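> Give me the fold of what follows.
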Amino acid sequence: MEVANIRRFAHQHCRFKLRSGKEVFGVVWEVETSEAAGVDGTKRLFFASVRDYERLTSGDSAQVIPIAPSEIVSVESLAS
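Residues are numbered from 1 along each chain as shown. Got it, this is the predicted structure:
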């Protein structure tokens, strides 16, 4: 799936179907990372469970997983 299609689901509780056939529930978001000082950063996509995402946004530590957009086959928003 293209990043542009995933962006509209960023920071929302969603169901993701992965290329491996697994179905996971959580939140994705994009972060710009810098490779070295003075070099433009690259954008990376990260995934976390809803609980871990809430911890992360409140400043606590959480388990975050980098994910490639190509691993995501489909997305369905579960946010109300």
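
> Which residue lies nearest the spatial centre of this protein?
Val28 (2.1 Å; C-alpha atoms, centre = their mean).

> how many neighbours does Leu18 have?
14 (other C-beta atoms under 10 Å). All C-beta atoms are positioned from the backbone trio N, CA, C, and that covers glycine.

> Please apply the same query to Cys14.
22.

> Give me the contacts around the helix of greatest length in the chain.
Longest helix in the chain by number of residues, with DSSP state H as the criterion: helix 50-57. With C-beta atoms under 8 Å, 6 or more residues apart in numbering as the test, helix 50-57 has contacts from 13, 25-27, 29, 48, 61-64.

> Among those residues, name the buried ones.
The neighbour count (16 or more other C-beta atoms under 10 Å) marks 13, 26-27, 29, 48, 64 as buried among the contacts of helix 50-57.

> Mind putting those into TSV with secondary structure?
Below are these laid out as TSV (DSSP: H, G, I helix; E, B strand; the rest coil):
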residue	secondary structure
His13	coil
Gly26	strand
Val27	strand
Trp29	strand
Ala48	strand
Val64	coil
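
> what helix or strand does Val28 sit in?
Assigned by DSSP states H and E, Val28 belongs to strand 23-33.

> Could you name the helices and strands sitting against that strand?
Counting contacts by 3 or more C-beta pairs under 8 Å, 6 or more residues apart in numbering; DSSP states H and E, strand 23-33 packs against helix 3-7, strand 14-18, strand 42-48, helix 50-57.

> so which of those is the most packed in?
By mean neighbour count, with neighbours taken as mean count of other C-beta atoms under 10 Å, strand 14-18 ranks first of the helices and strands packed on strand 23-33 at a mean of 17.

> now it: mean pLDDT?
For strand 14-18, the mean pLDDT works out to 98.

> and the longest helix of the chain with strand 14-18, angle?
110 degrees (axes from the mean of the first three to the mean of the last three C-alpha atoms, to 10 degrees).

> Downstream of helix 50-57, the next helix or strand is which one?
Next along the chain after helix 50-57, taking DSSP H and E as the criterion, comes strand 65-66.
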